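>>> Okay, sequence plus prediction incoming.
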Amino acid sequence: MKTADYFTDWQLSRKLYLRQSTYEAEYIYFTRHIVPYFAAAAPELENITPAIVNNYVKLKLKTHSHATAKKHLHLIKQSLNEAVLLGYLKYNPASPIRLPRAQKTVSARYVFLTAQEAQHVLDALSDTDIYLPVALALYYGLRRSEVLGLKWSAIDFKRNTLTVQHTVVKNLTIYASDKTKTETSCRTFQILPELLPFLYSLKFTSSLMSDYLFCRADGTVMRPDTLTRSFQRELKKHNLPAMRFHDLRHSTASILFDRGWSLEDVKSWLGHSDIETTSNIYLHYGRTRKILLAKDIEGMFKLKSKN
């Protein structure tokens, strides 16, 4: 059996078991990366060896993040496990392959705004259409998918709460779902007093055709890439630092750490599924914080000079 045919058929069979957004993400992994590489390296399925899989993983580690390489290897192992069950292979050539331990560092491409820098961003964007989406992302550490998934039905003005329970994502198509990234991503916040006037104003002027806070003129859901383009355009227009929309979420974490929040509190606020994700951000920001703490204790004791 041809390698390309097997991987293509296996990925297609996943459609019945996965959310549409997850299926489309895996489709991209296979069609753009896994299938072309293995079709060239091992045209026949039985020709795939541990060395070929290992070389692929090494390549992905050079060109992509550790998390992405891990996802690719996981999918390869899954698919080849089934090839063994179906009798196409005697053993899984990907089984012995292991990734090196991820370095506990945060990529330099991430941006961590201080509270003062975040305020500067908000001031610069105050007259734009993305002011409230950016403010909500900074206050609550929301992902882009969570900002665009906010619905009026999830906002309770009587109880003064905002619930994150719906997301809008895009891989190949726009996909809106009543499921969040993880179970812990579904969370309820108190609406802060400074945000209430903006939410009331938006509610008064929003489209009657849509339950979404942020939507197109016809009431349909806003495309994630539309928000991204608007954000990037405004950053350039106002000479603000280059960053991704997701960096607002990282900035929330670092600002909360700076205000003295515990690791567990930040984990809960951001809806991380495990403490390791939160601690990776803290590790980066912690170095800056240690400098501030060191300055805070300067002169705390009086030391006698050495004769």
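All right, it came through fine.

>>> hey, let's count contacts and neighbours off CA atoms from now on
Will do.

>>> Could you report the separation of Val266 from His166?
Separation of Val266 from His166 (C-alpha to C-alpha, to the nearest Å): 21 Å.

>>> residue boundaries of the helices in the chain?
3-13, 20-29, 35-41, 50-63, 66-85, 115-124, 131-140, 144-148, 196-205, 224-237, 247-258, 263-270, 275-296 (DSSP state H).

>>> Report the buried residues of the fourth one.
Applying a neighbour-count criterion of 16 or more other C-alpha atoms under 10 Å, one finds Ile52, Val53, Asn54, Tyr56, Val57, Lys60, Leu61 buried in helix 50-63.

>>> so what secondary structure elements neighbour it?
helix 66-85 (3 or more C-alpha pairs under 8 Å, 6 or more residues apart in numbering; DSSP states H and E).

>>> which helices and strands does the helix it packs on pack with?
Contact here means 3+ C-alpha pairs under 8 Å, 6+ apart; on that basis helix 66-85 packs against helix 50-63.

>>> tell me the angle the helix it packs on makes with helix 66-85.
For helix 50-63 against helix 66-85, the angle by axes from the mean of the first three to the mean of the last three C-alpha atoms, to 10 degrees is 160 degrees.

>>> Quick one: residues in contact with helix 50-63.
37, 41-42, 68-69, 72-73, 93-97, 99 (C-alpha atoms under 8 Å, 6 or more residues apart in numbering).

>>> again, only using 6 Å
Helix 50-63 is contacted from outside by Ala69, Pro93, Ala94, using C-alpha atoms under 6 Å, 6 or more residues apart in numbering.

>>> Which positions in stretch 14-26 come out as buried?
Gln20, Ser21, Tyr23, Glu24, Glu26.

>>> could you dump those residues to a markdown table with distance to Cys215?
Below are the buried residues of stretch 14-26 laid out as a markdown table (distance: C-alpha to C-alpha, whole Å):
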| residue | distance to Cys215 |
| --- | --- |
| Gln20 | 21 |
| Ser21 | 20 |
| Tyr23 | 25 |
| Glu24 | 23 |
| Glu26 | 27 |
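
>>> Now render those as TSV, adding pLDDT.
TSV is the format used below for the buried residues of stretch 14-26 (pLDDT from 0 to 100):
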residue	pLDDT
Gln20	76
Ser21	74
Tyr23	81
Glu24	81
Glu26	89
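
>>> Closest one of those to Asn239?
Nearest to Asn239, judged by C-alpha to C-alpha, of those is Ser21 at 34.1 Å.

>>> residues contacting the closest one?
Contacts of Ser21 (C-alpha under 6 Å, 6+ apart): none.

>>> Against Pro193, how distant is it?
For Ser21 relative to Pro193 (C-alpha to C-alpha), the value is 35 Å.
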